[in-house]
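Novice: 3D, please:
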Amino acid sequence: MLRFYSMVGMLLFLCTLTFAQSRQIAGRVTDQKDGTGLPGVTVKVKGTNTGTLTSGDGTYKLEVADKGAALVFSFVGYTDQEIVIGNQKTINVSLSAGNKDLSEVVVVGYGTQNKKDLTGAVSKIAAKEIENQPVASLESAIQGKTPGVVIESGSGKVGQGIKVRIRGTSSISANSQPLYVVDGMPVNSTSKTDVNNDPTNPMADINPNDIESIEVLKDAAATAIYGARGSNGVILITTKKGKTGERTKVELNANTTWGRPTTKRGFLNAKDYVMLLEERAANDAKTAFDTQDPNITGTPFPTEAAALAFMKGRVERRMRALALGKDFNNLGYSTDWENAQFRNPAHSQQLDLSASGGTEKTKFYVSGFYTGQEAVVINNKFVRYGGRLNLEHAVSDQVSFGMNLNVSRSQLDRVSNDNVFSTPSQLVAQSPLSPLRDSTGAINNATLYPNGLFDAQFNSNRQVTFRTLGNVFLNYKILPTLSFRSELGADISNLTEDQYIGIRSSDALGKGGASSNYIQNVSLNTNNYFTFTPKLGEDHNLSVTAGMSYLQNDFSTTEVNGELFPSDIIKKLVAAASITYGNSTAQRYTFLSYFGRATYAYKEKYLASVSLRSDGSSRFGPNSRYGWFPAASLGWVASQEDFLKDNKTLNFLKLRVSYGTTGNAEIGENRYLTLLQPTSYPQLPGYRPYQMGNPNLKWEKTKQFDVGVEFGLFDNRLSGEIDYYNKQTSDLLLQANLPYTSGYDFQYLNIGNMENKGVEILLNSININSRNFKWNTSLNVSYNKNRVKDIKGQIIESSGGEQRAVEGQPIGVFYMAKFAGVDPQTGDALYLDAAGKTTSDFSKAERMVVGKSNPDWTGGLTNTFSAYGFDLSAFFSFVQGNSIYNRAGVYQDNGFAGGYDNQLTNVLKRWQKPGDITNVPRLSYFYADGGASTANSRWIFDGSYIRLKSLTLGYTLPKSAINALKISSLRVYVAGYNLWTKTKYFGDPEINSDVLGNIAGGIDYYTIPQAKQITLGVNVKF
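Specialist: I've put the predicted structure just below:
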């Protein structure tokens, strides 16, 4: 006991001595160029966590204990500066512009690191790159701006799900979307709405203008700290915060946008429509007479003239009916049904108001936001409004607490998916002979197909989401070298979806119908971890993080359907005479995790990091519920070595290598159980087999190797990163097919392997950096090669059947008959048979790999200019090596083989006589080959493109003007989006009708093109 008291006394004495020797250092940090104060500069005692931020005028105060220590001054976009304290009481510093990538602080899992000390592959996107864009969600704002990240917006619809792949697709049956973490809390990013419509995007509930930075974690060294949820990459979102010593700033952002479709496919006008249908009749008449075909009328035609009279009469009667009895040769109009699906123009508005600031004790950021965005397609609109409060208060030098809270309401007025007549995009199938309205002014009800304009007028599908997303946290500095952080967060969304089908719409069957869904998703998360940064001397920097995390998610749905509505006046289920369906479900999943990470640096040039996470999940069977996910990485800052330290050309050089294991658990709930499903047929309660269980079901694992180099040249005017990675995924969570004799359709098994290999290149250059003119360039290029190595012979196709997972091939290859052109003598379509020879008999055509939906190369190029208050930014994105399949080609580009669907103007290139060289077969209805109505490579196109994604011109008022207005700054700007596209595809290449699938991709099925937009905006700071 005496020894214990002696030790306590010694510790108290040392602490007293330490505090007795501490003193205050003060000073000011300015910009070397013009001498203005720099707010928000990090001032830190080297090798410790002791530090502060400069105030609004660049001044700072800091308590230090050791006069032999050094202060490190760092600020984004400026070169770090280190000064030994000695006996100085005042230290003033001027920072010069430098390579921002080396000095900036990067958010990583459960902490932050300086970019130059990182040994993992992490890309950072700053707020200025995503602010004030006419997009509903952050994914659209960062598209093409970071290497290794491929983002696909499925169409020009708003509020729709967005496909994101980080370093390729790593799964076949499990979800391949990345994990999203907002202010340290994993959030729901999976669509929870009607499975019969396109998936929606829960990330659209977050206002992009509230985001301070986005970090994309790509290699195992960066993602393994998230263990079983890290295989698909991790996107960390940090929202804006107030800064210590910052005076209150108020900021207003407002913009308005007009949009039209980037392209239109181009369909036949009435004159060409009539001409080609009559040509089709003549072709069929000749064939019928030449072959003496008895099948059309029961007996062969006696003469070719008789055959022609029959064929033309049949076609002309149909065309007259479509023209509502008018002379189809002299209509005086040609209906453009393609235009009828679009707004002219689509109009959007955005308004954001925020305030931020801080004292020595309290920091805050508060904002309110409104977004109203119309899609280019009629009836589709997204509205979001809400607010955010980020608050932190220091109780003492040891304890602080705070909260990050976002509350929003989003409303999405939806249109049907691409595969129903009620969707506006299928209006293009209508005949140009048919007017939009009849002679009475009513919507034309005598069209070729049910007129989607009825659906546009009488149907509605509104989804409303109330979402609360936030967390509270406590920081406790136990010792100068030991701190503890506890976080408790919640992601609560309450979604209602009300759909009404008017009595006169195409889907109503004369009865009308409605459905009402209520969906609640509640996710609770807590993170608790220690961070230990011991003092090991000037040459050694060690940081150790260890803690635990728990996640619980509860999901419930209630759905009711009804029909037989008396009129369209009341669209709620209370007016339904018959309630036809009701259903409710509830599910829960949990994760319990423990994690640790250690990072070490010796003399700021030899770097090492190791991490380990253990995850337990309710999603897996009792035999494999827990998994371990380790990672390790090394780094060498070669530019710190004596032989490079004073090199005037090579200013920075870092080599890094990493290897580790991550997991994927995104397969839904209860996949390891054998399940029965309730049934009531015929009105008798019971159960039927639904799912075969697998108690040995376990984690899908991805082992990833990464080697990278980071460099800065010519005073860091040219900097960049180059990475090579190799991802090997094993124990694929596969929805394997079962023989129907088992009583079950499928079973989830761990079978198969897949790989992704690739290269990422990022280059940043400061081309001109004079006082009055600046020009910077950023280029990122990525290459990824995916291969399905082994799936044990399973045949796994997309829902449309055009794509497969094939061993030895990239995932999602197009697997169908190969079109081999047109026979110049007959005009017949040709295909390849099993022997590789051409045949005009489609039944002999062999299905084979004819293309792939995933690109080889992706990237983006940004140039920014500024001079005399003006700023100009041009951003191009590009994709190369992918294919697009026009699924609608079997209707809109088949030479009228299916009837009277209007055709793309490509049909004007059809074969007409022997000797014609073309890829468009002769027109025929009765004698069209099977390939005219069946998937084949005739409608496979090169999907490569380069697009001017954004072009922005802004002007910031000079100081004299803003002083007169008594504001801090004012900037006005005009921006264009998707203004120019170069592609070989006849439509918009940035589409995917199947939106989020692993196998399905690159499908165009009457898909709405992206919007070409012009935005006018203003940014005011007070």
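Novice: how about Ala306: what's its closest non-neighbour residue?
Specialist: Take Ala306 and drop its neighbours on the chain: the residue closest to it by CB to CB, 6 or more residues apart in numbering is Phe289, 7.9 Å away. C-beta: built from backbone N, CA, C; applies to glycine.
Novice: surely that neighbour touches Phe301?
Specialist: Yes: Phe289 is within contact range of Phe301, at 5.1 Å (criterion: CB atoms under 8 Å).
Novice: more neighbours: which of the two?
Specialist: Neighbours of Phe289 and Phe301, each counted by other CB atoms under 10 Å, are more numerous for Phe301; the result is 21 against 18.
Novice: so who does Ser55 touch?
Specialist: Neighbouring residues of Ser55 by CB atoms under 8 Å, 6 or more residues apart in numbering: Pro39, Thr244, Gly245, Glu246, Arg247.
Novice: distance-wise, check Ser505 relative to Asn451.
Specialist: According to CB to CB, to the nearest Å, Ser505 and Asn451 sit 9 Å apart.
Novice: straight-line length of stretch 258-267, end to end?
Specialist: Criterion CA to CA, to the nearest Å; first-to-last residue distance in stretch 258-267 is 25 Å.
Novice: determine the number of other residues adjacent to the residue nearest to Gly402 when sequence neighbours are not counted.
Specialist: Nearest residue to Gly402, sequence neighbours excluded (CB to CB, 6+ apart): Glu392, at 3.3 Å. A count of nearby residues for Glu392, using other CB under 10 Å, gives 20.
Novice: specify the local secondary structure of Glu392.
Specialist: Put simply, Glu392 is strand when judged by DSSP: H, G, I helix; E, B strand; the rest coil.
Novice: re earlier: what helix or strand is the residue nearest to Ala306 on?
Specialist: For Phe289, the host element (DSSP states H and E) is helix 270-290.
Novice: contacts only, for the residue nearest to Gly402.
Specialist: Per CB under 8 Å, 6+ apart, neighbours of Glu392: Lys241, Gly242, Thr362, Lys363, Phe364, Ser400, Phe401, Gly402.
Novice: one more time with 7 Å, if that's ok
Specialist: Residues in contact with Glu392 (CB atoms under 7 Å, 6 or more residues apart in numbering) are Lys363, Ser400, Gly402.
Novice: so what's the first one bridging to?
Specialist: To tie it back to what came earlier, the one meant is Lys363. On the basis of DSSP bridges, Lys363 is bridged to Gly358, Glu392.
Novice: residue contacts, it?
Specialist: Per CB under 7 Å, 6+ apart, neighbours of Lys363: Lys241, Gly242, Lys243, Thr244, Glu392.
Novice: which of the residues you listed sits closest to Ala65?
Specialist: If you rank these by distance to Ala65 using CB to CB, Thr244 comes first, at 20.2 Å.
Novice: quick one: pLDDT of the closest one?
Specialist: The score at Thr244 is 85. That number is its pLDDT.
Novice: count residues in the vicinity of it, would you?
Specialist: Using other CB under 10 Å, Thr244 is surrounded by 19 other residues.
Novice: pretty sure it is touching Leu53, no?
Specialist: Yes: using CB atoms under 7 Å, Thr244 is in contact with Leu53, at 5.1 Å.
Novice: thinking again about what came up before, let me see the contact set for the residue nearest to Ala306.
Specialist: For Phe289, the contacting residues are Phe301, Thr303, Glu304, Ala307, by CB under 7 Å, 6+ apart.
Novice: which non-adjacent residue is nearest Ile492?
Specialist: Nearest non-adjacent residue to Ile492 (CB to CB, 6+ apart): Thr468, at 4.6 Å.
Novice: identify the residues contacting that neighbour.
Specialist: Thr468 makes contact with Val407, Ala490, Ile492 under the criterion CB under 7 Å, 6+ apart.
Novice: all helices for this structure, in order.
Specialist: Ranges of helices within the chain are 2-21, 100-103, 138-142, 220-223, 270-290, 304-322, 337-340, 452-458, 889-892, 959-965, based on DSSP state H.
Novice: let's have these in JSON lines, adding mean pLDDT and distance to Ser680.
Specialist: As requested, the helices of the chain are exported to JSON lines (pLDDT from 0 to 100; distance: least, CB to CB, whole Å):
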{"stretch": "helix 2-21", "mean pLDDT": "39", "distance to Ser680": "72"}
{"stretch": "helix 100-103", "mean pLDDT": "56", "distance to Ser680": "62"}
{"stretch": "helix 138-142", "mean pLDDT": "87", "distance to Ser680": "41"}
{"stretch": "helix 220-223", "mean pLDDT": "94", "distance to Ser680": "46"}
{"stretch": "helix 270-290", "mean pLDDT": "96", "distance to Ser680": "49"}
{"stretch": "helix 304-322", "mean pLDDT": "95", "distance to Ser680": "44"}
{"stretch": "helix 337-340", "mean pLDDT": "95", "distance to Ser680": "43"}
{"stretch": "helix 452-458", "mean pLDDT": "90", "distance to Ser680": "31"}
{"stretch": "helix 889-892", "mean pLDDT": "95", "distance to Ser680": "38"}
{"stretch": "helix 959-965", "mean pLDDT": "89", "distance to Ser680": "70"}
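Novice: which of these is buried the deepest?
Specialist: Comparing the helices of the chain by mean neighbour count (mean count of other CB atoms under 10 Å), helix 220-223 ranks first with a mean of 32.
Novice: can you tell me which of the contacts of Phe289 lies nearest to Gly596?
Specialist: Nearest to Gly596 among the contacts of Phe289: Ala307, at 82.7 Å, using CB to CB.
Novice: for that closest one, give me its contacts.
Specialist: Ala285, Ala288, Phe289, Phe301.
Novice: which residue sits closest to the last one, ignoring its sequence neighbours?
Specialist: So that's Phe301. Going by CB to CB, 6+ apart, Phe301 has Ala307 as its nearest residue, at 3.8 Å.
Novice: roughly how far does that neighbour sit from Gly313?
Specialist: Taking CB to CB, one finds Ala307 at 11 Å from Gly313.
Novice: poorly predicted segments of the stretch 1-150 of the chain, please.
Specialist: Flagging of the stretch 1-150 of the chain using pLDDT under 70 yields the residue ranges 1-22, 33-34, 47, 49, 56, 66-68, 76-77, 97-103.
Novice: what about the strands in it?
Specialist: For the stretch 1-150 of the chain, the strands defined by DSSP state E, counting those that start in this stretch occupy 23-31, 42-45, 51-53, 59-64, 70-74, 81-84, 93-95, 105-108, 111-114, 122-126, 149-153.
Novice: pLDDT score for the closest residue to Ala867 other than its chain neighbours?
Specialist: Once flanking residues are discounted, Ala867 sits nearest to Phe773: 4.4 Å by CB to CB, 6+ apart. Looking at Phe773, its pLDDT reads 93.
Novice: what about Phe773, neighbour count?
Specialist: When counting by other CB under 10 Å, one arrives at 12 neighbours for Phe773.
Novice: these two touch, right, it and Gly869?
Specialist: No: taking contacts as CB under 7 Å, Phe773 lies outside contact range of Gly869: 11.6 Å.
Novice: if we can go back for a sec, so can I have TSV of the contacts of Thr468 showing pLDDT and distance to Pro622?
Specialist: Putting the contacts of Thr468 into TSV (pLDDT from 0 to 100; distance: CB to CB, whole Å) gives the following:
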residue	pLDDT	distance to Pro622
Val407	97	40
Ala490	97	29
Ile492	97	30
